[in-house]
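[1] here is my input, please return the structure:
(2 chains)
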Amino acid sequence: MGLSSGTTGETQVISVHCDRIDAARAIQFKEAMRAETQTGAKRIVLDLSSVEFIDSSGLGAIVASMKQLGDGQRLDLAGPRPIVEKVFRLTRMDTVFRLFASLDEAICAGAD
Amino acid sequence: MGANCKQDCLNLSFPATQVQASEGIAILSARLEKHGLPESKADDVRIALTEAINNVVEHAYAEISPTDIRINCSLCAKELIVQIFDSGDPMPGLRVPSSHPAPVDTDLENLPEGGFGWYLIHRLSSDIQYERKDGVNLLYLRFNFDTPH
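    Modelled structure (predicted):
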């Protein structure tokens, strides 16, 4: 599962380099996220701008990624394409996560 | 299904595994768009189709070795009809599951990681029918193009 990670200020940005997060990749995604989020960063932004499609299994893997964070860590999402944003909206997961239109917006907003 | 509907170019089979289903759905979604599926409907169709096929892979073939899933599409001026055939186990109670979404108004640790599939299919399609005949499951999904979601 292609993830890459960097730090901007106090925010760790994890970018997904894979066009789909679906049933075929959900478990790999969750495990890759577990590895990437061991840094202990307080705020993590997941950049979804390269993701062309997500299904409910992929959505579940993002939820699982949030649950497996350490105490005091939070996960925000950035750059969802319309189809990805739609899956979050229909399942009401858009009320659980903070979704930012772009990575820049997510970084500017900070953790507040 | 009228005579002016496109069909032959939109039929596809693939083994009922997650990886091959993922590829198959991506191919079929691209073909549907190329053959005139309205852009405004493309996302709904892809989401519902994926959830329907994931259910087949994960439930109909949970206890048995994968065989092929066959998908027939009929793309018409005002609707798309998708028929999904598989030889896996029948749906429980021989009927389409209901569509209550998993609730998200809960603590972090109780947030659902699944249970959205049938809700999404019901929400995004215009009609769903299921039948079991001669050891084959047929799930029929219709998408009207004039219904916004």
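
[2] what does the residue nearest the centre of chain A show for phi and psi?
    Residue closest to the mean C-alpha point of chain A, counted by C-alpha atoms, centre = their mean, is A:Leu46 at 3.3 Å. In terms of degrees, to the nearest 10, the main-chain angles of A:Leu46 are phi -100, psi 120.

[3] so it makes contact with A:Ile62?
    Yes - at 7.2 Å, A:Leu46 and A:Ile62 qualify as touching, with contact defined as C-beta atoms under 8 Å. Where you see a C-beta, it was placed from the backbone N, CA and C, and this is true even at glycine.

[4] list the contacts of residue 70.
    I went with chain A, as the question did not name one. Residues near A:Gly70 by C-beta atoms under 8 Å, 6 or more residues apart in numbering or on different chains: A:37, A:40.

[5] that answer is for a different chain, and I need it for chain B
    B:Arg70 sits next to B:11-13, B:84-86 when contact means C-beta under 8 Å, 6+ apart.

[6] ok, now B:Glu33?
    B:39, B:42.

[7] what's the separation between it and B:Leu75?
    B:Glu33 sits 10 Å away from B:Leu75, going by C-beta to C-beta, to the nearest Å.

[8] buried stuff in stretch B:118-137?
    For stretch B:118-137, a neighbour-count test (16 or more other C-beta atoms under 10 Å in any protein chain shown) marks B:118-126, B:128, B:130, B:137 as buried.

[9] tell me the one among those residues nearest to B:Thr17.
    B:Asn137 (16.8 Å; C-beta to C-beta).
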